[in-house]
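Enquirer: I would like to see how this sequence folds:
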Amino acid sequence: MQLDHRTIEENRIRDVYSLRIANDPRYSWFNSGHLYIVQGLERCLLESIAECGFSSLEKSRILEIGCGSGHWLREFVKWGALPENVVGIDLLNDRVFEARRLCPKGVEVHCGSATELLFSSASFDLVIQCTMFTSILDINVKKQIAGEMCRVLKPKGLILWYDYHVNNPRNPNVRGIKKREVHELFPNCTIEFRNVTLAPPVARWLVSYSWLACYLLEKIPWLCTHYLAAIRKDVEACKPLTQQRK
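Expert: All right, here's what the predicted structure looks like:
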């Protein structure tokens, strides 16, 4: 039986992640470089959420695509979201098991493909993805997932995109995504980009000498390897033509 492109890509991703080093010391909370990067991202995410009009997350329904072991799900609860309003989905069984084990009671974590989300249209106030799209090499799968993210987003909701735009020459299983591709993935949307995250190799080396130096270098856009994008639906463009003409 011939497999479709989605199944082939998802099998490839499962195979790649099965080879990842467990407990990689680069991502330990006791690694000062990792701590600096994540705390900086936390600050930027909160700033973007506030700038987009969210003064509180208490009544917001939140979905993370590619939630992994649930770090950001737990952060949203820490930031004020109610656990029963926080949902995650991931392709990998072991990550889902870990997320369910670590997340507060009430948080939903599903194992499955983000190309076909089992959620109603316009059911989430905030949808987020962090470094998931760069792990997908098939453009059709990327488009399917982006389309699903828009479908489940409320008309005045917010998509937060955090991912890198440079290639890793030592890792052929990921591919950086430029602004143009983000725009192509989310047509009929308004997108605001921020350059964030000092290049991780630089941050990991420098932070043990000076957090201030890392902070100052992070203000130089070309030294940052990631985009944090705030994506909103263009409500008028998304309406059927008959409604647009009224």
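
Enquirer: Moving C-terminal from the strand ranked longest in the chain, which element do we reach first?
Expert: With DSSP state E setting the assignment, residue counts place strand 153-164 as the longest strand in the chain. Reading on from strand 153-164 to the C-terminus, the next helix or strand found by DSSP states H and E is helix 179-185.

Enquirer: With only the CA atoms kept, save the next helix or strand along the chain from that following helix in CSV.
Expert: For helix 179-185, the following helix or strand on the C-terminal side (DSSP H and E) is strand 189-198. In CSV, the C-alpha atoms belonging to strand 189-198 read as follows (Å, rounded to 0.1, in the frame of the first residue of the first chain):
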residue,chain,number,x,y,z
CYS,A,189,-3.4,37.2,8.0
THR,A,190,-1.7,40.1,9.5
ILE,A,191,1.7,39.2,10.8
GLU,A,192,4.1,41.2,13.0
PHE,A,193,7.7,39.8,13.4
ARG,A,194,10.2,40.3,16.2
ASN,A,195,13.8,39.1,16.0
VAL,A,196,14.5,37.2,19.2
THR,A,197,16.9,34.8,20.8
LEU,A,198,20.6,35.4,20.6
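
Enquirer: May I have the strands that pair with strand 189-198, each with its orientation?
Expert: Using DSSP bridges, the strands paired with strand 189-198 are strand 224-233 (antiparallel).

Enquirer: what comes into contact with the partner strand?
Expert: Surrounding strand 224-233, the residues in contact under the criterion Cβ atoms under 8 Å, 6 or more residues apart in numbering are 41, 44-45, 48, 51-52, 150, 153, 155-166, 177, 179, 182, 186, 188-200, 218. For the C-beta atoms, the positions are set from N, CA and C on the backbone; glycine is no exception.

Enquirer: cool, stretch 67-84 as well?
Expert: The contact list for stretch 67-84, computed with Cβ under 8 Å, 6+ apart, reads 42, 46, 56-58, 60, 62, 64, 86, 88-90, 92, 95, 98-100, 102-107, 109, 128, 130.

Enquirer: for stretch 175-186, the distance to its chain's centre please.
Expert: Between the centre of stretch 175-186 and the centre of its host chain there is 13 Å, according to Cα atoms, centre = their mean, to the nearest Å.

Enquirer: From start to finish, how long is it in a straight line?
Expert: Taking Cα to Cα, to the nearest Å, the first and last residues of stretch 175-186 lie 18 Å apart.

Enquirer: Also stretch 112-131?
Expert: From start residue to end residue, stretch 112-131 stretches across 17 Å - Cα to Cα.

Enquirer: got it, and stretch 99-111?
Expert: Distances were taken as Cα to Cα; on that basis the terminal residues of stretch 99-111 are 10 Å apart.

Enquirer: Just the residues contacting that stretch, thanks.
Expert: 67-70, 73-74, 77, 82-84, 86-93, 96, 118.

Enquirer: now with 10 Å?
Expert: Contacts made with stretch 99-111 from outside it, assessed by Cβ atoms under 10 Å, 6 or more residues apart in numbering, are listed as 62-64, 67-71, 73-74, 76-78, 81-98, 117-119.

Enquirer: Just give the nearest non-adjacent residue to residue 16, would you?
Expert: Nearest residue to residue 16, sequence neighbours excluded (Cβ to Cβ, 6 or more residues apart in numbering): residue 173, at 4.7 Å.

Enquirer: just residue 89 next, same as before
Expert: Leaving aside its sequence neighbours, residue 89 is closest to residue 110 (4.6 Å, by Cβ to Cβ, 6+ apart).

Enquirer: Next, count neighbours for the one you found.
Expert: A total of 18 residues lie near residue 110 under the criterion other Cβ atoms under 10 Å.

Enquirer: Where does it sit: helix, strand or coil?
Expert: Secondary structure for residue 110, judged by DSSP: H, G, I helix; E, B strand; the rest coil, is strand.

Enquirer: that older thread, could you flag which of the contacts of strand 224-233 are buried?
Expert: Applying 16 or more other Cβ atoms under 10 Å to these, the neighbour count classes 41, 44-45, 48, 52, 150, 153, 157-165, 177, 182, 186, 189, 191, 194-200, 218 as buried.
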